[in-house]
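Enquirer: Quick one, what's the 3D model for this:
(4 chains)
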Amino acid sequence: MSRVIALERFIGHIVRDAEGRKLGHLHEVRVRRQGDDLVVREYVVGSAGLLERFSLAQFAREVVFIFGIGRMHGYVVPWDSLEFPEKGELRCTRRAADLQRFSAERPAGK
Amino acid sequence: MKKILGIALGIVTSIGGFLDVGSIATSAQAGAAFGYSLLWAVLLGTICVIFLVEMSGRFSIVSGHTIVDAIRKRFGFAGFIVPFAASLLVNLLVLASELGGICVALQLLTGIRFQVWAIPVALAVWLLLWLGTFDVVEDGTALLGLVTLCFLVAVFTLGPEPRELAAGFVPRLPGEEHAHYLFLAVSIIGATIAPYLFLFYSSGAIEDKWDKSYITPNRYIATLGMSFGAIISMAVIVVAALALKPEGIRVEEYEQAALMLVPAFGRWGFYLFVASLAIACFGAALELSLASAYSVSQAFGWNWGEDLEPRSAARFSSAYTIFIALAALIVLSGLNPMKLTLFSMAITAVILPLTALPFLVLMNDARYMGEHVNSHFSNIVVLLIVLLAAILAVVAIPLEIIGSK
Amino acid sequence: MRTLLALVLVALAGCGDQHEQEMKSAASWSSTALAVARYWLQGDLPDTYAKRVLQKASEELAKGPLPDASEPVNQMIEAIGKRDQQAMRRLIAELQAQ
Amino acid sequence: MKNIDLVRDVLDTQVLDREQRPLGKVDGIALELREGSPPRVAYLEVDGVTAWRRLGERYARWAAKLARHWQREGHPFRFTWRQVRDFGIDIEIDVDAERAAPFDLEHWLREKLIRRIPGGR
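Expert: Here you go, the predicted model:
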């Protein structure tokens, strides 16, 4: 049984972890090529994910930290741990502590 | 040789495009009310616009894409649509002011009320876009725009006192009427850093097919073009200071501003002013209409290009057609042209942060700019511009209410 | 934020009251009429434009604190219509006296 | 490019046809959630209504009401990753823009507006 969802409508929405705590907003979906297909590897949740979108050159990252935005952090949620419900909020099936964290300083998984 | 011609043309276009109803109205008011003491505002605005125009050109040259196209991709449809709608609305108000400027010039000449001219003027602007190509618009506005050099000639004829002139570049509050002074300062900067300049310039770089060899020429065109445009704007302030202020004439309507060239050119003064106002506004109206059609097409991914016949870019040409029609309706409504112009300039200042902020992000985006990303210096300048824009945005509205009389 | 508030307060304080604004505007419109009359006498202004500005000046003056100044301006319009240069010189003196 | 970020590299990206003519933007990405294996990108959408739906259902309804005037069949326009010929800052797909659904508005305007005005050519 498979279901098709409109991903663009979930981008920017809040993700809660297994214990209902707020992880952050869903900002990125990392995929890899598999033959002629694109397959999801992991999801990026939290403000640091937003910074990823601008592929800022190294200099700009330093400027961003000066303004204290460097405190941005995020979580990497594996593909099997995020549920897209028909109604209501996105849920992560794992606890925040079990998730790989990353912050703007060193982009994870690049 | 072709490149030098391209640079010369680029510079001349910037002169034609730079001066518009906003810069003429605000400069005339500033000179008549406060003499030279608002020259610094034009200088400050020009420095900012030179950097932003150079960057928008470099962005197109290096990435082959325009700023608007990249803003949607980087900020997403939801994050992009509200600032985009705001900038379109402001463009519409400024276009209505430009069309109003042409109508007022015809009213001065013929005595027939400006609303009567709204439809013919809008038709003339539209027809040139409908039948013309990008070069026709670019070269037309450029060569015609040179008539505005008469303000420069007037400055030399009237001979301002150099030391007093130089003092005008130092910002300081006058004895009284602070609100009006600050309002004019904000409006002048708003008129100078007009968003349509970047939209037109960055799309123009693609229409003209500028490749990476244009990176340096782009810097000259942006710097010299905007500087020449600014010099004429300053000339309007100086001429108003010498021709209107001593007579005690404050510019509340265009009819009063039309007197300013009479002392320098006698019988020709009135006609030169009317011609300058009409031509500067006509050029700006062409660029504004195209800039709006460019930004809508690039935002929704449509095919666009002034060189294409209307048939092969139907949505693009329909966009500027609808835009001109709406602007004409605003003029038809009989709103006082001078008040509409000043209001549009203040509103341009309010959305300046939305105009300047994307540059900070996009000029540092390695995927678009490769190794031509902003240098530290350029980034610091953009940061300062965004800061200035934020301050202007906060003070523009209160000043509009208190200081616009 | 404090500097911005200070800036706006300065603007508020500096704004003259309504009456002062109207006086300035009236003075400006009468100066406009005088300049237009003088330039017209020198033959530097076309009649249609000169009449139109004087018409506008007269309307503005009539609304403002110096309503009687609009009378000589109206006569100036007629002087242009009749191309009567003497009348115009007399009216200029009369308007300057007010 | 092995690893792709859907939001940064695909969503809202310009789509070009086989002759590099602009076709529209990627307004939507459909994910197929599968039991026990990672979700895959089912198709990508180029459609104004899909874009406006991202702001809320209300906007989508207005957009749909408006679009009914010019949209014929084949909406929303969808393409699969297999159809992608080149993937850089833009996405090029093996389609002819003139005959694709997103051009319905272009054809409608040619018919209703451009043809009726002289010089539209």
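Enquirer: how about stretch A:22-36 against chain D, any contact?
Expert: Yes: part of stretch A:22-36 sits near chain D under the criterion C-beta under 8 Å from any C-beta of the partner chain, namely A:27, A:28, A:29, A:30, A:31, A:32, A:33, A:34, A:36. Using the backbone N, CA and C atoms, a C-beta is placed for each residue, glycine as well.
Enquirer: The second one - that's part of a strand, no?
Expert: Yes: the assignment for residue A:28 by DSSP: H, G, I helix; E, B strand; the rest coil puts it in a strand.
Enquirer: thinking again about what came up before, for the residues of stretch A:22-36 next to chain D, pick the one with the most neighbours.
Expert: Taking other C-beta atoms under 10 Å in any protein chain shown as the neighbour criterion, residue A:29 ranks highest of the residues of stretch A:22-36 next to chain D with 29 neighbours.
Enquirer: How about the contacts made by it?
Expert: By C-beta atoms under 8 Å, 6 or more residues apart in numbering or on different chains, the contact list for residue A:29 reads A:7, A:40, A:43, A:44, D:5, D:6, D:7, D:31.
Enquirer: what residues are up against the last one?
Expert: Pointing back at residue D:31 there. By C-beta under 8 Å, 6+ apart, residue D:31 lies in contact with A:4, A:5, A:7, A:29, A:40, A:84, D:39, D:40, D:41, D:42.
Enquirer: what about the longest helix in chain D?
Expert: helix D:57-67 (DSSP state H).
Enquirer: Whatever helix or strand comes next after that one and chain B, are they touching?
Expert: Using DSSP states H and E, the next helix or strand after helix D:57-67 towards the C-terminus is strand D:77-79. No: using C-beta under 8 Å from any C-beta, we find that strand D:77-79 stays clear of chain B, coming within 11.6 Å at best.
Enquirer: Run me through the strand neighbours of strand D:77-79, direction for each.
Expert: Note on strand D:77-79: by DSSP bridges, its sheet partners are strand D:37-46 (antiparallel).
Enquirer: Beyond the strand it pairs with, next helix or strand please.
Expert: Downstream of strand D:37-46, the next assigned helix or strand under DSSP H and E is helix D:48-53.
Enquirer: As TSV, the contacts of residue D:31 with pLDDT would be great.
Expert: Shown next, in TSV, are these (pLDDT from 0 to 100):
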residue	pLDDT
A:4	94
A:5	94
A:7	94
A:29	94
A:40	95
A:84	93
D:39	95
D:40	95
D:41	96
D:42	96
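Enquirer: Those residues of chain B touching chain A, which are they?
Expert: With C-beta under 8 Å from any C-beta as the criterion, chain B meets chain A at residues B:74, B:76-78, B:361, B:364-367, B:369, B:373-374, B:376, B:379, B:383.
Enquirer: again, only this time at 10 Å
Expert: Applying C-beta under 10 Å from any C-beta of the partner chain, we find that chain B lies next to chain A at B:73-79, B:360-371, B:373-376, B:379-380, B:383.
Enquirer: For the most centrally placed residue in chain C, give me its contacts.
Expert: Nearest residue to the geometric centre of chain C (C-alpha atoms, centre = their mean): residue C:29, 1.2 Å. Contact analysis of residue C:29 by C-beta atoms under 10 Å, 6 or more residues apart in numbering or on different chains lists B:248-250, B:252-253, B:256, C:53-54, C:56-64, C:66, C:69-70, C:73.
Enquirer: From these, list the buried ones, please.
Expert: Among those, those classed as buried by 16 or more other C-beta atoms under 10 Å in any protein chain shown are B:248-250, B:252-253, B:256, C:53-54, C:56-58, C:60-62, C:64, C:66, C:69-70, C:73.
Enquirer: Generate a markdown table for the residues of stretch A:22-36 next to chain D, with distance to residue B:43 as supplementary columns.
Expert: Shown next, in a markdown table, are the residues of stretch A:22-36 next to chain D (distance: C-beta to C-beta, whole Å):
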| residue | distance to residue B:43 |
| --- | --- |
| A:27 | 41 |
| A:28 | 43 |
| A:29 | 48 |
| A:30 | 48 |
| A:31 | 50 |
| A:32 | 53 |
| A:33 | 53 |
| A:34 | 58 |
| A:36 | 58 |
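Enquirer: centroid residue for the chain?
Expert: Because you didn't say which chain, this covers chain A. In chain A, the centroid-proximal residue (C-alpha atoms, centre = their mean) is residue A:44; its distance is 1.3 Å.
Enquirer: please go with chain D instead
Expert: Centroid-nearest residue in chain D, with C-alpha atoms, centre = their mean: residue D:46, separated by 1.4 Å.
Enquirer: what about it, distance to residue B:375?
Expert: 37 Å (C-beta to C-beta, to the nearest Å).
Enquirer: Any regions of chain C where pLDDT drops low?
Expert: C:1-17 (pLDDT under 70).
Enquirer: and with 50 instead?
Expert: C:14 (pLDDT under 50).
Enquirer: Name the member of the contacts of residue D:31 that has the highest neighbour count.
Expert: residue A:29 (29 neighbours).
Enquirer: how about the helices of the chain, start to end?
Expert: Using chain A here. Using DSSP H, helices in chain A cover A:47-52, A:58-66.
Enquirer: Hmm, no, I was thinking of chain C.
Expert: In chain C, the helices defined using DSSP H lie at C:2-14, C:18-41, C:47-63, C:70-81, C:85-97.
Enquirer: before we move on, back to that, for the residue nearest to the centre of chain D, which residues count as its bridge partners?
Expert: Beta-bridge pairing for residue D:46 (DSSP bridges): residue D:77.
Enquirer: Now do it against residue A:24, distance only.
Expert: 30 Å.
Enquirer: which stretch of helix or strand covers the residue of the stretch 51-200 of chain B found nearest chain A?
Expert: Distances between the stretch 51-200 of chain B and chain A by C-beta to the nearest C-beta are smallest at residue B:74, namely 6.0 Å. Taking DSSP H and E as the criterion, residue B:74 maps to helix B:67-110.
Enquirer: where are the low-confidence patches of chain B?
Expert: Using pLDDT under 50, nothing in chain B is flagged.
Enquirer: please redo it, this time with the cut-off set to 70
Expert: Where chain B drops to pLDDT under 70, the residues are B:1-2, B:9, B:13, B:16-17, B:404-405.
Enquirer: Ok, which of the helices of chain C comes nearest residue B:336?
Expert: In terms of C-beta to C-beta, the element of these nearest to residue B:336 is helix C:47-63, at 11.5 Å.
Enquirer: quick one: is that closest one near chain B?
Expert: Yes: against chain B, helix C:47-63 shows contacts by C-beta under 10 Å from any C-beta at C:47, C:48, C:49, C:50, C:51, C:52, C:53, C:54, C:55, C:56, C:57, C:60.
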